[in-house]
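Student: Fold the following.
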Amino acid sequence: MILAVASGKGGTGKTTVALNLAAVQQGAVHLLDCDVEEPNCHIFLNPEIDSTERFTLPFPRVDDKRCNGCGECSRICRYNAIVSLKSKPFVFPELCHGCGGCVEVCPEKAITEGRREIGTINIGTRDHIEFVQGILDVGQSLSPPLIRAIKQHTSINGMTVIDCPPGTSCPVIAAVNKSDYVVLVSESSPFGLHDLELAVETMRTLDLNFGVVINRVSSLDHSVADFCRKEQIPILLEIPDDRKAAEAYSQGRLLVDSVPGFEELFKSLDEHILSESRPCRPSMPKTSGDPEGIA
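Tutor: Coordinates of the predicted model:
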């Protein structure tokens with residue numbers, strides 16, 4: 001089963017839910033930290049990193065001796081990564097999404113592909129958890145290709161938990177794509193409700209099965225719970241606003257190991273998810289590099 005944990009905004013407790021869900025699994029589980037711009041699962045998990053690899057994307061290299069300046073490469077590029085203004089083309093590697101279209105359309109075969117590094121993938125373990133983490137290099141903007149590369153480590157038979165980036169933009173779409181179930185984590189506040197509404201609309205557009213976890217439940221604000229009941233969205237779990245949980249989090253400890261009662265909470269969440277989710281879809285095949293070539 002591929003389980004994605006997402007949120008409409010940052011700071012709702014998304015990573016906390018992903019980590020503790022992975023921790024309560026009975027068998028082996030894969031935990032994929034796809035929040036590549038701000039990965040932090042390792043802080044709480046303290047895994048033993050077994051391997052580290054650099055992730056690269058292709059970009060065009062132009063042979064000026066063969067290029068006739070026809071401009072076909074410029075016309076096909078949707079991202080203006082290669083521009084020909086009645087001259088030999090200029091290449092902007094930072095804009096290239098690695099689709100390879102310019103290579104295919106060049107009539108003179110003057111364009112070949114180089115490789116540029118955009119991030120790092122770390123692979124490790126802690127107890128029964130297989131851990132994969134992506135770290136986007138500072139100054140890079142194309143996180144979806146790195147996210148898709150991390151997702152090639154999805155478990156074939158067991159459970160995979162994906163810690164998604166916050167929000168509803170392209171990185172989130174790449175992270176939740178082909179998931180069997182999505183857990184949307186919200187907080188009981190006006191800000192939490194506003195961004196949950198955006199996340200719900202996104203999941204419905206993608207036709208993904210999902211439910212909501214309400215974190216730091218407040219007795220003063222019931223707007224998120226009321227919204228879920230009105231929209232007939234399953235409320236999978238309501239996590240109390242517990243000072244001991246906040247202290248454990250601030251010290252980088254898992255709640256299920258540190259706060260009495262939280263192991264039972266997350267086990268009940270796991271059972272609720274299994275009862276709500278669709279049958280597991282086939283796992284994505286492993287391929288080298290960026291499996292889709294574009295962001």
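Student: Now do Y181 against P165, distance only.
Tutor: From Y181 across to P165, the span is 18 Å (CB to CB, to the nearest Å). Every C-beta, even on glycine, is put in place using the N, C-alpha and C of the backbone.
Student: before we move on, what about T16?
Tutor: Taken as CB to CB, the span from T16 to P165 is 15 Å.
Student: and these two? which has more neighbours close in?
Tutor: Of the pair T16 and P165, P165 is the one with more neighbours under other CB atoms under 10 Å, namely 27 against 23.
Student: so who does that one touch?
Tutor: 34-38, 143, 147, 171-172, 175 (CB atoms under 8 Å, 6 or more residues apart in numbering).
Student: how close does it sit to M203?
Tutor: In terms of CB to CB, P165 sits 15 Å off from M203.
Student: Contacts only, for the residue nearest to P234 when sequence neighbours are not counted.
Tutor: Take P234 and drop its neighbours on the chain: the residue closest to it by CB to CB, 6 or more residues apart in numbering is G211, 3.8 Å away. Counting by CB under 8 Å, 6+ apart, G211 touches 181-184, 233-236, 272-273, 276.
Student: For PyMOL, write the select line for the buried members of the residues you listed.
Tutor: PyMOL command restricting those to the buried ones, with burial defined by 16 or more other CB atoms under 10 Å:
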select buried, resi 181+182+183+184+233+236+272+273
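Student: now the contacts of G211 in JSON lines, with distance to A110?
Tutor: Converted to JSON lines, the contacts of G211 look like this (distance: CB to CB, whole Å):
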{"residue": "Y181", "distance to A110": "48"}
{"residue": "V182", "distance to A110": "45"}
{"residue": "V183", "distance to A110": "49"}
{"residue": "L184", "distance to A110": "48"}
{"residue": "I233", "distance to A110": "54"}
{"residue": "P234", "distance to A110": "56"}
{"residue": "I235", "distance to A110": "58"}
{"residue": "L236", "distance to A110": "55"}
{"residue": "H272", "distance to A110": "58"}
{"residue": "I273", "distance to A110": "53"}
{"residue": "E276", "distance to A110": "54"}
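Student: Nearest to L254 among the contacts of P165?
Tutor: D35 (17.3 Å; CB to CB).
Student: Only the buried residues of stretch 119-131, if you could.
Tutor: 119-124, 126, 129-131.
Student: Give me the buried stretch members for stretch 68-86, please.
Tutor: For stretch 68-86, burial by neighbour count (16+ other CB under 10 Å) applies to 72-74, 77, 81-82, 84.
Student: what's the most distant pair in these?
Tutor: Pairwise distances across those (CB to CB) peak at 14.2 Å, for the pair E72 and A81.
Student: in this structure, which spans are strands?
Tutor: Here the chain has its strands, by DSSP state E, at 2-6, 29-33, 48-62, 82-83, 90-91, 111-126, 129-136, 159-163, 181-187, 210-217, 235-240.
Student: can you redo these as TSV with distance to G101?
Tutor: Formatted as TSV, these follow (distance: least, CB to CB, whole Å):
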stretch	distance to G101
strand 2-6	30
strand 29-33	29
strand 48-62	9
strand 82-83	9
strand 90-91	14
strand 111-126	10
strand 129-136	24
strand 159-163	29
strand 181-187	32
strand 210-217	34
strand 235-240	42
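Student: returning to that earlier point: rebuild the buried residues of stretch 119-131 as JSON lines, extending it with distance to F191 and pLDDT.
Tutor: JSON lines is the format used below for these (distance: CB to CB, whole Å; pLDDT from 0 to 100):
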{"residue": "G119", "distance to F191": "30", "pLDDT": "97"}
{"residue": "T120", "distance to F191": "32", "pLDDT": "98"}
{"residue": "I121", "distance to F191": "33", "pLDDT": "98"}
{"residue": "N122", "distance to F191": "32", "pLDDT": "98"}
{"residue": "I123", "distance to F191": "35", "pLDDT": "98"}
{"residue": "G124", "distance to F191": "34", "pLDDT": "97"}
{"residue": "R126", "distance to F191": "33", "pLDDT": "94"}
{"residue": "I129", "distance to F191": "31", "pLDDT": "96"}
{"residue": "E130", "distance to F191": "34", "pLDDT": "96"}
{"residue": "F131", "distance to F191": "31", "pLDDT": "97"}
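Student: Can you tell me which of those residues is nearest H194?
Tutor: Using CB to CB, these come closest to H194 at G119, 30.8 Å.
Student: check contacts around the closest one.
Tutor: Taking CB under 8 Å, 6+ apart as the definition, contacts of G119 comprise 36, 54-55, 134-137, 140, 143, 146.
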